[in-house]
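In: the sequence and its predicted three-dimensional model are supplied below.
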Amino acid sequence: MGRSTTARMLRGFYEAAYAAYGPRHWWPGDSPLEVMVGAVLTQNTNWTNVERAIANLKSNSLLDWHRLDRMSHGELADLIRPAGYFNVKARRLKSLAAWVVETFDGDLEAMFSLSTASLRERLLAVNGIGRETADSILLYAGGHVTFVVDAYTARILRRHGLIDEQADYEEIKALFEDNLPADEALFNEYHALLVEVGKRCCRPRNPRCAQCPLDEFPHDPTP
DNA sequence: TGCCAGGCCGGGT
DNA sequence: ACCCGGCATGGC
């Protein structure tokens, strides 16, 4: 498929999804720190479960890098239990907190003043921060212009024939970044809209929903 | 009831 | 370079 065709489809997806669902107001979270914590907690997990975990941290005044760094694994795991994988995620949050404290003394402005490429690389080196989490942190906590890819994104693009079955994360990310204007607000809204489309009508067992905003685009209903 | 949710890591081929 | 099992709660 030609480059301009791809660009047109990606733009069309966005317009159709935005017309259907409007602005998503992402990321839900009161501060960059809270967004970062949420990005770890939501790994393969429903957001409503994450909200309970964050509420627990908040009510104990634990949305603080130094406190997260110092507190015990067990206490943290217990508080984030509703988010699932609580032992894994407690370890990951403490890895992130330790890194932020040791490297930036908890100063996120200093952290986000790094270049996108260099910060991404350094986030990926933190245990528990993979590509989606790193990109979510960069875009939604730091305002960096980087596209976030998730399972929904891959499934939607696959079903509409824009990528092949085995396209990997970086390839899908590049598809957006190479075919859209580098605009933070656009990347922010686009990813959030893809999640909304995915939740409503692009689930694994629901190859074609009744009111899909992307129905006007060529569609292959294979999972 | 089983399936699914805004992944990632580590070990095995 | 892939492939897979493990991790866990809560909603529908």
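Out: Nice, I can see it. None of these values were measured; they are calculated from a predicted model.
In: in space, what's closest to A:Val88 - neighbours in sequence excluded?
Out: A:Gly128 (7.5 Å; Cβ to Cβ, 6 or more residues apart in numbering). Every residue, glycine included, has its C-beta placed from N, CA and C.
In: any idea how far the one you found is from A:Ala182?
Out: Using Cβ to Cβ, to the nearest Å, A:Gly128 is found at 28 Å from A:Ala182.
In: and these two? which has more neighbours close in?
Out: A:Gly128 (16 against 11; other Cβ atoms under 10 Å).
In: any low-confidence regions in chain A?
Out: Where chain A drops to pLDDT under 70, the residues are A:206-210, A:220-223.
In: residue in it nearest to DNA strand B?
Out: At 2.2 Å from DNA strand B, A:Gly130 is the closest residue in chain A, using Cβ to the nearest atom of the strand.
In: identify the residues contacting that residue.
Out: If a contact means Cβ atoms under 8 Å, 6 or more residues apart in numbering, then A:Gly130 has A:43, A:124 as its contacts.
In: how about the residues of chain A near DNA strand C?
Out: When proximity is defined as Cβ under 7 Å from any atom of the strand, chain A approaches DNA strand C at A:44-46, A:48-49, A:52, A:81-89, A:166, A:168.
In: ok, A:Ala167 - how many residues close by?
Out: Neighbours around A:Ala167, by other Cβ under 10 Å: 16.
In: any idea how far A:Leu10 is from the residue nearest to it when sequence neighbours are not counted?
Out: Spatial nearest neighbour of A:Ala167, excluding adjacent residues (Cβ to Cβ, 6+ apart): A:Ala154 at 7.0 Å. Distance, A:Ala154 to A:Leu10, by Cβ to Cβ: 14 Å.
In: measure the residue in chain A that DNA strand C sits nearest to to A:Trp27 for me?
Out: When scored by Cβ to the nearest atom of the strand, chain A has A:Gly84 as its residue closest to DNA strand C, at 2.5 Å. The gap separating A:Gly84 from A:Trp27 is 19 Å, by Cβ to Cβ.
In: who's more crowded, these two?
Out: Counted by other Cβ under 10 Å, A:Gly84 and A:Trp27 do not tie: A:Trp27 has more neighbours, with 21 against 17.
In: quick one: contacts for that one?
Out: A:35, A:38-39, A:136, A:140-141.
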